[in-house]
Structures are given as structure tokens and as C-alpha cells.
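Novice: Pasting the sequence and the predicted coordinates here, then a few questions.
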Amino acid sequence: MQLSLDNIFKNYIQKDDIFQNKELLLTKYRPENLPHREKEIKTLGSILAPSLRGEKPSNVFVYGKTGTGKTAVTQYVCSKLEEVAMNNGHEVRIIYLNCKMRKVADTEYRLLAKLARELGRDVPPTGLPTDQVYEIFFEAVEDKKRMVILILDEIDIMVEKTGDNFLYNLTRMNEDLENSKISIIGISNNLSFKENLDPRVRSSLSEEEMLFSPYNALQLQDILKSRAEKAFKPGVIAEGVIEKCAALAAQEHGDARRALDLLRVAGEMCEREGSKRVEERHVDMAESKIDMDRILEVVRTQPRQSQAVLWSILKLKENGGNEVQTGDIFSVYEKVCRNSGLAPLTQRRVSDLIAELDLLGIINARVISKGRYGRTRTITLGVSEPILEKIKNTLVSEFYFE
DNA sequence: AGTCCACAGGAAGGGCAGGCGA
DNA sequence: TCGCCTGCCCTTCCTGTGGACT
């Protein structure tokens, strides 16, 4: 065992590496230039430019599908702005917050605490009244004369979780600030999310709006080519590979992130195989691997109760249940809990867990009415057979079912 | 037209953990 | 130590619902 592992490591070191700089293909990498986004960069730049004269720029609402460059463009423009401001003796402070991150934007308190910490204040994870945290944040902003630009990425998720109270207070904050000014850039994938906002918040958040349209396949090819040139060694990529990654990502609403992931994982598959050339079949392998990894990670990190519900659904499906319904799931779930030493939750709670699994894309739940036989959810599985097998293998050691 | 089923899903609140200030 | 605050997970209670059946 030890010996074969030694061999793997030794081979890896000796092997001809196909990558030159893999970092360039990671989504967190911020490139120096953003092809096909020149117009957006200029627009956002001119919206934010007043901050260089100490004037408050308009709040901006940026929307578009995932992987269309919203975050990249915003961060690019803001970092340049920060640089220019510093050289001209103004202070512009950029705070970037990804609201999708767990334990960051789930509650108003956490949001404020995070922002206050970004400005150098110490706020405990819980314990203080929210008003007090507002005050701490307010004081931190007001601390010196400066412009604070707050980038709220995935703002729709924040509003979904905490409501729009936070945004309302933030947009009103400028009325009380004397030294500083604060502007908000809200980024969202969800085009319709604004409809549910308080009208006052909506109008003040959308002083300016920018829509990022999806990249087409040709634009994606450009992006991939420019990155691949530096990320891979010359001649490593076979003809058609970049075109295939671009085409697959273009099918999925022109997502550049997806395209880059495909190319990177295809490279990794090729490397692992010991090949010296990335070919189209590696892209196919990459596509299924990315899907599988994502879902397995989600399943693994679910709470045990949620896993028990999923396991019950799998067992019902295995026993030939085509039309799996909430009631059936609940009875199997109770049995699973009994056999596994888990305290069963109520049907109400299980119903919520089913809805969460639906949201995660592992199952598809549809509410249907069966007339006098009641209203229920019918559940189908949202993943392919090979992934299903992997999920079962992950859960089989946790739960028992006779 | 009215009834009824089997839930969906909203609202309220309990209990616990983590933390603060007095 | 105590009272108070927050977040989180959960239960209890309740109203709403679409369509088959009477």
C-alpha cells in the first residue's frame, strides 16, 4: 500500500505537467482584462467616478445570469477606482460581501457584524441587540471622511433570508452621515427579485441599472483561449476542445465560469490519465465529474435528518415506487429513524426538508392534487443513475432499512 | 354545488446554545 | 451569576387548496 502510494506521488512529480499555471482557470482568479465586457466596464466606471471628487455615486443594481462577468467586472472597476482614489488623496473603501456564503448574510445581525468587522470593529457573533450593531457599523463608517462602496453579491439571497429591512436602513443611512457617504452595488442572478422589494428600497437601490447579457459561444471561446494560452503548456490542447467547452457552457445560458471549470477539469482528467494531450473525450468526462462532485458534496454536507429523508426517498424508489408522495416518505422515514436510532421529526418539518432537497436539485417535487384523495407532493429524482449509486454508497453506512 | 381528502405551507412560539454587560 | 439578546431548529396549530367524488 505504502509502496504504491509512493509510486503515485513519484510518478506525479516525474510526469510531464500539461499545466503551466492552473490558477488562471480557477473561478477566484481575477484576470487583467475582461474580454467582451468593455462596454460594461466603461458604464460602471462612469457611474462610480463621482466618488473621486468626494460625491456620492448612485446606487447600482447589476443583474444577469451566473457566469456573465457581473462580479468580475464590478470588482475590477472597484479595485481600479480604489487605486486612482488613493493616488488622488481621496479615500474610497470597497467592501465586498458574498451574501450566499453561509453564516454571513443569513440574518440582519450577521450582515451588520460582518460589515462592521470589515471596517475594523469587533462585533461578537451573537449577543448584542441589532440596534447596537447598527450603531457600531454607523460609527465605523463615520469614523473618517471617506466614500464607502458596498458590493452585495447575490443580494436576492440576502433579501430572501432577511427581508429588505436592512437595505432600507442602509439606503437611508446617508441622511445621517456627516463625514462619509455610502453607496450600494447590488448584484443578482434573479431578474425578478426586485418586484418583491419595498417600493422605496427598489427605487433607491436602482438609481442605476445594468444588465449583463450572456456570452455567446464565440465570446466564450475567446475567453477560454486567452486563459488557456497561459494556463496550459503550448500544444497541449487538441483541436475542438475549447470549442466544445464553449458550446457546452453556451447551452447553459452562456456561463463563463462553467466553461472555465470544464476546461480545467478536462485538463485534470487528462493529467490523471497520464495523457499528454487534452482531448474532447476529457471534456465529456469533466462534464459528468463536475455534476457528480457538486451533488455528492451537497449530500455529504446535509444534516443527518435531511439525509434520512433522502435515504427514505431512495428506498421507496428502489422498491418500485413510481409515484412517491410525502405521506409514503414520512412512514418510511419513521422506520428509518427507528432502525438508525434517530429521533423522528414531525411531518411538518419533514415536509420542509423535502422542499429543501428540491431546492438543492437532488429531487424534483411537484405539488399535485389528487381530487378527493388529497393534495400532496410527488417526487422524482433529479439526478442520473450513476450519481444515484454514489449517493446510496455515501448514505448506506448511516442508515438501516429492513 | 357541496364535500372531503391529504397534505402544503404560514404563523407563533418553545427550547437551546452562544454571547454580552452589570 | 443573572437577565437579556440573537440565531437556529423544531413543534403545534391553523388555514388554504385543487380536483375527484357524491
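Specialist: Happy to help now that I have it.

Novice: A:Val148 belongs to a strand, doesn't it?
Specialist: Yes - checked against DSSP: H, G, I helix; E, B strand; the rest coil, A:Val148 lies within a strand.

Novice: The residue most central in space within chain A in helix, strand or coil?
Specialist: In chain A, the residue lying closest to the centroid (C-alpha atoms, centre = their mean) is A:Lys100, at 6.1 Å. Recorded secondary structure, A:Lys100: coil (three-state DSSP).

Novice: now the helices for the stretch 151-300 of chain A?
Specialist: Secondary structure of the stretch 151-300 of chain A (DSSP state H, counting those that start in this stretch): helices at A:155-162, A:165-172, A:199-205, A:217-231, A:241-251, A:256-273, A:280-301.

Novice: Including mean pLDDT, could those go into CSV?
Specialist: Supplementary listing: these in CSV, determined by pLDDT from 0 to 100:
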stretch, mean pLDDT
helix A:155-162, 74
helix A:165-172, 80
helix A:199-205, 78
helix A:217-231, 92
helix A:241-251, 93
helix A:256-273, 92
helix A:280-301, 90
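
Novice: Throw these into CSV and include distance to A:Gly371 and mean neighbour count, thanks.
Specialist: For glycine as for every other residue, the C-beta is placed from the backbone atoms N, C-alpha and C. Below are these laid out as CSV (distance: least, C-beta to C-beta, whole Å; neighbours: other C-beta atoms under 10 Å):
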stretch, distance to A:Gly371, mean neighbour count
helix A:155-162, 33, 21
helix A:165-172, 42, 19
helix A:199-205, 41, 16
helix A:217-231, 47, 18
helix A:241-251, 39, 22
helix A:256-273, 42, 22
helix A:280-301, 35, 16
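
Novice: Write out the residues of chain A neighbouring DNA strand C.
Specialist: Contact residues (C-beta under 7 Å from any atom of the strand) of chain A with DNA strand C: A:103, A:106-110, A:126-130, A:303, A:305, A:344-346, A:348-349, A:352, A:369-375.

Novice: which of those residues are close to DNA strand B?
Specialist: Restricting the residues of chain A next to DNA strand C to those near DNA strand B - C-beta under 7 Å from any atom of the strand - leaves A:126-128, A:348, A:371-375.

Novice: got CSV for these, with pLDDT and secondary structure too?
Specialist: Below are these laid out as CSV (pLDDT from 0 to 100; DSSP: H, G, I helix; E, B strand; the rest coil):
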residue, pLDDT, secondary structure
A:Thr126, 70, coil
A:Gly127, 69, coil
A:Leu128, 75, coil
A:Arg348, 92, helix
A:Gly371, 85, helix
A:Arg372, 87, helix
A:Tyr373, 88, helix
A:Gly374, 87, coil
A:Arg375, 90, strand
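
Novice: Buried members of the residues you listed into PyMOL, please.
Specialist: Per 16 or more other C-beta atoms under 10 Å, the buried members of those correspond to this PyMOL selection:
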select buried, chain A and resi 128
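
Novice: who's in contact with the nearest residue to A:Asn98 once chain neighbours are set aside?
Specialist: Leaving aside its sequence neighbours, A:Asn98 sits nearest to A:Asp153 (C-beta to C-beta, 6 or more residues apart in numbering; 4.6 Å). A:Asp153 makes contact with A:71, A:74, A:96-100, A:187, according to C-beta atoms under 8 Å, 6 or more residues apart in numbering.

Novice: ok, A:Arg202 to A:Phe193 distance?
Specialist: Per C-beta to C-beta, to the nearest Å, A:Arg202 is found 10 Å from A:Phe193.

Novice: what's the answer for A:Cys99, then?
Specialist: Computed as C-beta to C-beta, the A:Cys99 to A:Phe193 distance reads 12 Å.

Novice: Look at these two and report which has more neighbours.
Specialist: Taking other C-beta atoms under 10 Å, A:Cys99 and A:Phe193 do not tie; A:Cys99 has more neighbours (23 against 17).

Novice: so that one touches A:Leu150, yeah?
Specialist: No - applying C-beta atoms under 8 Å as the test, A:Cys99 and A:Leu150 come out as separate, 11.2 Å apart.

Novice: Under the pLDDT cut-off, which ranges of chain A? List them.
Specialist: A:1-3, A:8, A:11-16, A:101-106, A:127, A:160-163, A:191-192, A:195-196, A:400-402 (pLDDT under 70).

Novice: Show me which residues of it are close to DNA strand B?
Specialist: A:124-128, A:325-328, A:330, A:347-348, A:351, A:354-355, A:367, A:371-377.

Novice: switch to 6 Å and redo it
Specialist: A:124-128, A:325-327, A:348, A:351, A:355, A:367, A:372-377 (C-beta under 6 Å from any atom of the strand).
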